[in-house]
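J.: Pasting the sequence and the predicted coordinates here, then a few questions.
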Amino acid sequence: MIKYLFHSNRIKKTVAAVLIFSFVLSLTACAGAGYAVPELKEPVSLTEFYRPVSKRIVGTVNMLFGTVIAKEYPVFATKMVAITDIEVGVGDYVKEGDVIAHGTYGDMSATITSLRNQISVLDRQRVKEQKASDARVEKLELEKKNEKKLKDKKGMAQKDTSIQIEKENLRFSLAMIDNSIADIRKQISEIEESTGTVTFTAPHSGRVDYVVDMTHNNMVSSYENIAVVIDEDDLYIETRGVTIDNYVYDDYQSKWTYVGGKMVEIKDHAYTNQEISYAKSVKKNPYMSFDAPGSKLELGNNMMLYFMREDNTPKLAVGKDSVYYENDEEYVYVRNEKTGINEKRMIEIGASDVNYVEVVSGLEEGEIVSYKNTMLSPDHYEVVDVETATFTLECEGKFVDFAYPYYDIYTSEVSGEYKELHITGPASPGEPLFNVISNTPRDEIEEARLAVTGQDNDKAQADKDYESAKKDLEKVIKQAKKHPLPKDATETDAVRNLRLLAERTQCDLDVLTYEHDYALETYNIMRPEKSATYQRLLKGTAAAPYTPTVQNDGRISYLNFTDGVKINKNDFVLTVEKRKPEEENTRIYVLSEAEYSPRVGQEMRLIREGKDGFTITGKCVGINGEADRFILFTRDDKCYSTTSMPSSKSVTFQCTIEMDKHVSEKEIKETMVKYYGVEAKDVIVVPTLCVKTEVDQFTLIEKHYVWRLENDVPVKEYVEVFDPSNETGGTYVLSGLEVGDKILK
């Protein structure tokens, strides 16, 4: 059986090579009612039936379940950042270079304290690792000493090897701890050295399918995605639960899937050696992914992936239930079509799996061999033609609301005591949100006030001094000009001296004016800065109450503080979630406790049942993040592995749906969203009634089979299926049948 681990918070589990799943089927069966089983030429016991020797894939086939996803382009920061605003929402299309968000590297004292605490923990871990290893080595030395007394050289050598392994493990462990400490110290250094604002832009054109939840906090950690842009024209297949560091099929010869009902080769999604080494070193390994070159994939489709160590070319084979063993030799009973008598035939066998074994020699294709069987074939039945169809499992989300994909983020501009003025729920422009009573010391405020008034007084005095000096100089100039040159008179020394005095004084006046103009310009620059400092310190006092108001229509889902608590400047207080007018009725938001989450790209249906019922379709454009899912990539010649954190809301999954048309307030009420938690297209599906079950008497392993018509004779055919316990009326057959086969119902 197979089960696929979706991104449901309730069902995170370890994945084996074969995963378990269940589906819903819509299938049209080909009818042929009233067929009766032809009688054999001679009576047979319940333990002897016949099937032809045929070619089939023989060998151990491992399977993984995958989903078609689009290539992702993360928007992230390499160090912790406070987001001040985000300009996009889930479902938006952006172009490369478009602004996604703004942030600031401001007061990081709390972060630095946290990082230093991490170093303290690592220091203590280092001591613990050293002491534990010393104890293990001491134990091995004692064991070695005992081997020496026994003169067991082999035992002594084994202990020496174990000691060396222990020391190497310790060396590696301490090196990893030291590297972590060094990385944290580097991060502290970068935080201490870096402040200011930053703008984040789209690294690629495409649709935004994730935006970090800003309702509970505006801090984003290093290598945590702020947003993710996807390219819906660049698709590949991703598995869940199997990461690149625990993937075991890299050297398998055969890897394939089925696209459009046809077998196609798949290849491991190419990561560079540098990317793989980086991901493993930071323990941020992405889920294993695969490409299907030359095949047209469909976003959101589920696909089974097959892996086989050997060549998957079909080989001549018989069922294990046909093979007998005697004196280390294998034989089968072949039915002589002329005499109807079973003939013992020695065979040579090769590869095998749970149900079938390769025949290397001794049989030819089409020969009829007997097999042991305790199950009766049906004596009346309908015939079903094996075809491909879409296999689905329907899920629903019962909490439906309009999506509010955009944010107005409010932080406190004041340190002091918080007072709540707005509760959660709808928020309208102009409504007061909260109030903070400043705790800035009065002497600090007074000092800032005096800095402003002192500057004003200095300017006033400078203006007065300027006007006085200017007046004196202008007087000198005026007096000098009272004695103009006589008409047609000869210039005398006195006249020349007066003219020179006037010119020199004018120069003094110009210099005085230049200096005054410069002082005025300096004042005009510095005065607003001093004033802003004063107003900032004054904010939150009785003279300048600090009460932010709602800027845009929206809603508040979380308040970070309660009445009377102390908050610091730049602390996150709340977010007003909003909708853009042109998009307010096209995107809806769904929360649910369903077991399986939706997938980006799949169809979703908004449904109201009853007399006024309706169905409106849409497409999933974004889903909740997953902390343990990483996106590995190279950008600007540097490797990164980033993650999208889940929303703060405590639900199994969340998704955003882009509806095909506007939805009214009335239509959104008393509705549910239905979708296919699993959707595998163009796969072999059969009516569930066709699939039978038996339990191996020796291994107690449950096996599944169908009755397949071979030359009008029912033949028992073992099949691999998804969870046969589903009650959908159909079963997804993973192997054992081909399109065109006829089976009994």
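T.: On my side now, so go ahead. Given the structure is predicted, the values throughout are model-derived calculations rather than measurements.
J.: you'd agree T313 is in a strand?
T.: No: T313: not assigned to a strand; according to DSSP: H, G, I helix; E, B strand; the rest coil it is coil.
J.: Next, find the distance separating it from M263.
T.: Distance, T313 to M263, using Cβ to Cβ, to the nearest Å: 11 Å. No exception for glycine: its C-beta is placed from N, CA and C like everyone else's.
J.: where's the closest residue to G294 other than its chain neighbours, which helix or strand?
T.: Spatial nearest neighbour of G294, chain neighbours left out: V264 (7.4 Å); criterion: Cβ to Cβ, 6 or more residues apart in numbering. For V264, the element it lies in under DSSP states H and E is strand 262-265.
J.: mind checking the SS state of the residue nearest to L299 when sequence neighbours are not counted?
T.: Once flanking residues are discounted, L299 sits nearest to G601: 3.2 Å by Cβ to Cβ, 6+ apart. Put simply, G601 is coil when judged by three-state DSSP.
J.: for the residue nearest to G294, what are its contacts?
T.: For V264, the contact set (Cβ atoms under 8 Å, 6 or more residues apart in numbering) comprises W256, T257, Y258, A292, G294, S295.
J.: Okay, and the beta partners of the second one?
T.: I take that to be T257. V264 (DSSP bridges).
J.: Just confirm it contacts L305, I think it does.
T.: Yes: look at T257 against L305 with Cβ atoms under 8 Å: they come within range, at 5.1 Å.
J.: hey, what's in contact with both of those two?
T.: In contact with both T257 and L305: G66, I237, I266, F290, using Cβ under 8 Å, 6+ apart.
J.: ok, which pair from the residues you listed is furthest apart?
T.: Largest separation among these by Cβ to Cβ: G66 and I266, giving 9.0 Å.
J.: what do those two both touch?
T.: With Cβ under 8 Å, 6+ apart as the test, G66 and I266 both reach I237, T257, F290, L305.
J.: Can you tell me how far the third one is from I409?
T.: When distances are taken as Cβ to Cβ, F290 and I409 turn out to be 39 Å apart.
J.: how about the strands of the stretch 151-300 of the chain, start to end?
T.: Ranges of strands in the stretch 151-300 of the chain, per DSSP state E, counting those that start in this stretch, are 196-201, 206-211, 219-220, 225-243, 254-259, 262-265, 267-268, 287-291.
J.: most tightly surrounded among those?
T.: strand 206-211 (a mean of 24; mean count of other Cβ atoms under 10 Å).
J.: what's that one packed up against?
T.: strand 61-76, strand 93-94, strand 225-243, strand 614-623 (3 or more Cβ pairs under 8 Å, 6 or more residues apart in numbering; DSSP states H and E).
J.: can you redo those as a markdown table with mean pLDDT and distance to K149?
T.: Rendered in a markdown table, the data for the helices and strands packed on strand 206-211 read as follows (pLDDT from 0 to 100; distance: least, Cβ to Cβ, whole Å):
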| stretch | mean pLDDT | distance to K149 |
| --- | --- | --- |
| strand 61-76 | 96 | 49 |
| strand 93-94 | 96 | 75 |
| strand 225-243 | 95 | 47 |
| strand 614-623 | 92 | 65 |
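J.: can you redo these as a markdown table with distance to I445?
T.: Formatted as a markdown table, those follow (distance: least, Cβ to Cβ, whole Å):
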| stretch | distance to I445 |
| --- | --- |
| strand 61-76 | 40 |
| strand 93-94 | 45 |
| strand 225-243 | 37 |
| strand 614-623 | 47 |
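J.: Could you check those strands and tell me which one is nearest D401?
T.: Here strand 614-623 is closest among the helices and strands packed on strand 206-211 (Cβ to Cβ), at 14.0 Å.
J.: who does that closest one touch, helix- and strand-wise?
T.: Against strand 614-623 (3+ Cβ pairs under 8 Å, 6+ apart) you get strand 206-211, strand 603-608, strand 653-659.
J.: what's the closest of the ones you listed to V436?
T.: The nearest among those, by Cβ to Cβ, is strand 206-211 at 28.0 Å.
J.: Show me what the closest one pairs with in its sheet, parallel or antiparallel.
T.: When DSSP bridges is applied, strand 206-211 pairs with strand 93-94 (antiparallel), strand 225-243 (antiparallel).
J.: Quick one: the helices in the stretch 51-200 of the chain, in order.
T.: For the stretch 51-200 of the chain, the helices defined by DSSP state H, counting those that start in this stretch cover 109-149, 153-193.
J.: And for I266, nearest residue in space, chain neighbours not counted?
T.: Per Cβ to Cβ, 6+ apart, closest to I266 is F290, 4.5 Å.
J.: Isn't the one you found up against A270?
T.: No: at 10.2 Å, F290 does not count as touching A270 under the criterion of Cβ under 8 Å.
J.: quick one on the thing from earlier: now tabulate the contacts of V264 in a markdown table and tack on distance to I276 and pLDDT.
T.: What follows is these, written out as a markdown table (distance: Cβ to Cβ, whole Å; pLDDT from 0 to 100):
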| residue | distance to I276 | pLDDT |
| --- | --- | --- |
| W256 | 23 | 96 |
| T257 | 23 | 96 |
| Y258 | 28 | 93 |
| A292 | 21 | 95 |
| G294 | 25 | 90 |
| S295 | 25 | 92 |
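J.: Of the strands paired with strand 206-211, which is nearest E367?
T.: Per Cβ to Cβ, nearest to E367 of the strands paired with strand 206-211: strand 225-243, 39.8 Å.
J.: relative to strand 61-76, how tilted is that closest one?
T.: Going by axes from the mean of the first three to the mean of the last three Cα atoms, to 10 degrees, strand 225-243 is angled at 160 degrees with respect to strand 61-76.
J.: Could you name the helices and strands sitting against the biggest helix by length in the chain?
T.: When the chain is parsed with DSSP state H, its longest helix is helix 493-538. Packing partners of helix 493-538 (3+ Cβ pairs under 8 Å, 6+ apart): helix 442-480.
J.: quick one, the helix it packs on and helix 493-538 angle?
T.: 160 degrees.
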